[in-house]
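[1] Take this sequence and fold it.
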Amino acid sequence: MQKTLEQAVSCMGIGLHSGQKVQMRLCPAAANTGIIFKRLDMGGRAVSACLRNVADVFYATSLKDGDVEVQTVEHLLAALSAMGIDNAIIELDGKEVPILDGSAAPVIFLIKEAGIRTLAAKRRYIAIREPIKVEADGKWITVLPSDHLTIDYTVDFDHTVISKQSIRFRFSRDEFIRELAPARTFGFLSEIRQLLAMGLAKGGCLDNAIVVNDHRILNPYLRFEDEFVRHKALDLLGDLSLLGGPLLGHVIAYRAGHSLHTALVGAILEEESNWYETELSRDVLKTIAPNPRLKTLPIRA
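    Below is the predicted model of the structure:
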């Protein structure tokens, strides 16, 4: 069944890229509302979290409907998705979701504080019929039919500190809370000056991001030895929520990012033959065709 929050809960923080203070309030919503961001500083005008409203995927996922924009939504969306929150109103008095500690763990705490309410409406799952692959510049992401969400993610940086890291994550709420939610966003010191010149990373610091210079990690410690790839998997889960329902599929990503994540969402939804809706995951395998054909699509600019 669909779920929402039991009551509203609030927090204050700064935007990772804007550097501006923003108050965020997570509020209950009726069945079939979805996730809606409401800009209180714009008279309560709103933008819904769906693929058609994706406006920018450069260093973060941003949504826009008309002149109503909300930036850096992926960590919040990942936490809501992982906790099974299908419907919520997210009130903001600024344009960017607060980064908090750079992970999804603080949002998990807020959701637990608010409580979860079950609604009288069936949840809509998105099940994959046949494999789909999106690729660009040696980076790629694919999704295979499955009766469960599994993520295989690999990062491969030309950097001695990070290098190549891989993780396999079979989704469950408890596993997400334990293994992915605490993983923080990260960046390279060599890119900071360029990002600041572009009006980005104004709110970044060692309290809300892992920062890596040419030789070492500047933070005092890592939460996981492979925290970098875990955070990428967290980002992916947030971007996949733009499908409009929980995904049932096996996603394999190699050196991907927000651009490829959202391109995969678009490729899935582009043709009705790629997917179908189901209410119970155990019914999925009954309708998956044997020996499905792999579709490979180039990423669109």
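[2] CA only for contacts and neighbour counts going forward, please
    Fine.
[3] what stretches of the chain score poorly on pLDDT?
    Applying pLDDT under 70 to the chain flags residues 280-301.
[4] Got the domain ranges for it?
    The chain breaks down into these domains under automatic domain parsing: 3-118, 125-298.
[5] Excluding chain neighbours, what is closest to residue 139?
    residue 255 (5.2 Å; Cα to Cα, 6 or more residues apart in numbering).
[6] I'd like the domains of the chain written out as JSON lines, with mean neighbour count added.
    Below are the domains of the chain laid out as JSON lines (neighbours: other Cα atoms under 10 Å):
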{"stretch": "domain 3-118", "mean neighbour count": "20"}
{"stretch": "domain 125-298", "mean neighbour count": "18"}
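[7] one step back: can you verify my assumption that the residue nearest to residue 139 contacts residue 152?
    No - in terms of Cα atoms under 8 Å, residue 255 does not count as a neighbour of residue 152; the distance is 11.2 Å.
[8] show me what contacts the spatially closest residue to residue 61 that is not a sequence neighbour?
    Using Cα to Cα, 6+ apart and skipping the chain neighbours, the partner closest in space to residue 61 is residue 72 (5.2 Å). Each residue near residue 72 by Cα atoms under 8 Å, 6 or more residues apart in numbering is listed here: 16, 60, 61, 62, 96, 97, 99.
[9] before we move on, what about residue 97?
    Each residue near residue 97 by Cα under 8 Å, 6+ apart is listed here: 14, 15, 22, 24, 70, 71, 72, 73, 76.
[10] Just the ones of the residues you listed in strands?
    Using DSSP state E, the members of the contacts of residue 97 that fall in strands are 14, 22, 24, 70.
[11] mind listing what the spatially closest residue to the last one that is not a sequence neighbour touches?
    Spelled out, it's residue 70. Spatial nearest neighbour of residue 70, excluding adjacent residues (Cα to Cα, 6+ apart): residue 95 at 4.9 Å. Contacts of residue 95 were listed using Cα under 8 Å, 6+ apart, and they are 39, 69, 70, 71.
[12] what about the helices in the stretch 101-250 of the chain?
    Remark: helices assigned in the stretch 101-250 of the chain by DSSP state H, counting those that start in this stretch are 105-114, 173-175, 189-197, 227-240.
[13] between these, which gets nearest to residue 268?
    The closest of the helices of the stretch 101-250 of the chain to residue 268 is helix 227-240. By Cα to Cα, the value is 10.4 Å.
[14] In the stretch 1-150 of the chain, what residue spans correspond to strands?
    Along the stretch 1-150 of the chain, counting by DSSP state E, counting those that start in this stretch, strands occupy 3-5, 9-14, 21-27, 35-39, 45-48, 54-56, 62-65, 68-70, 88-92, 116-118, 125-128, 132-136, 139-144, 150-156.
[15] Would you mind putting these into a markdown table with distance to residue 186 alongside?
    Below are those laid out as a markdown table (distance: least, Cα to Cα, whole Å):
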| stretch | distance to residue 186 |
| --- | --- |
| strand 3-5 | 30 |
| strand 9-14 | 16 |
| strand 21-27 | 20 |
| strand 35-39 | 25 |
| strand 45-48 | 27 |
| strand 54-56 | 19 |
| strand 62-65 | 18 |
| strand 68-70 | 21 |
| strand 88-92 | 24 |
| strand 116-118 | 30 |
| strand 125-128 | 30 |
| strand 132-136 | 22 |
| strand 139-144 | 19 |
| strand 150-156 | 13 |
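[16] Can you check which of the ones you listed gets nearest to residue 216?
    Closest among the strands of the stretch 1-150 of the chain, once you apply Cα to Cα, is strand 150-156, at 16.5 Å.
[17] Next, the angle strand 139-144 makes with the closest one.
    If you take axes from the mean of the first three to the mean of the last three Cα atoms, to 10 degrees, strand 150-156 sits at 170 degrees to strand 139-144.
[18] ok and strand 150-156 relative to helix 227-240, angle-wise?
    Using the same axes, to 10 degrees: strand 150-156 against helix 227-240 is 130 degrees.
[19] Strand 150-156 pairs with which strands?
    According to DSSP bridges, strand 150-156 forms sheet pairs with strand 164-170 (antiparallel), strand 250-254 (parallel).
[20] Out of the ones you listed, which gets nearest to residue 126?
    Nearest of those to residue 126, taken as Cα to Cα: strand 250-254 at 12.1 Å.
[21] Using PDB, list the CA coordinates for that closest one.
    Output of strand 250-254 as PDB, limited to C-alpha atoms (Å, rounded to 0.1, in the frame of the first residue of the first chain):
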ATOM      1  CA  HIS A 250      18.600  -5.100 -11.800                       C
ATOM      2  CA  VAL A 251      20.500  -1.900 -12.500                       C
ATOM      3  CA  ILE A 252      24.200  -2.100 -13.400                       C
ATOM      4  CA  ALA A 253      26.100   1.200 -13.600                       C
ATOM      5  CA  TYR A 254      29.700   1.800 -14.700                       C
END
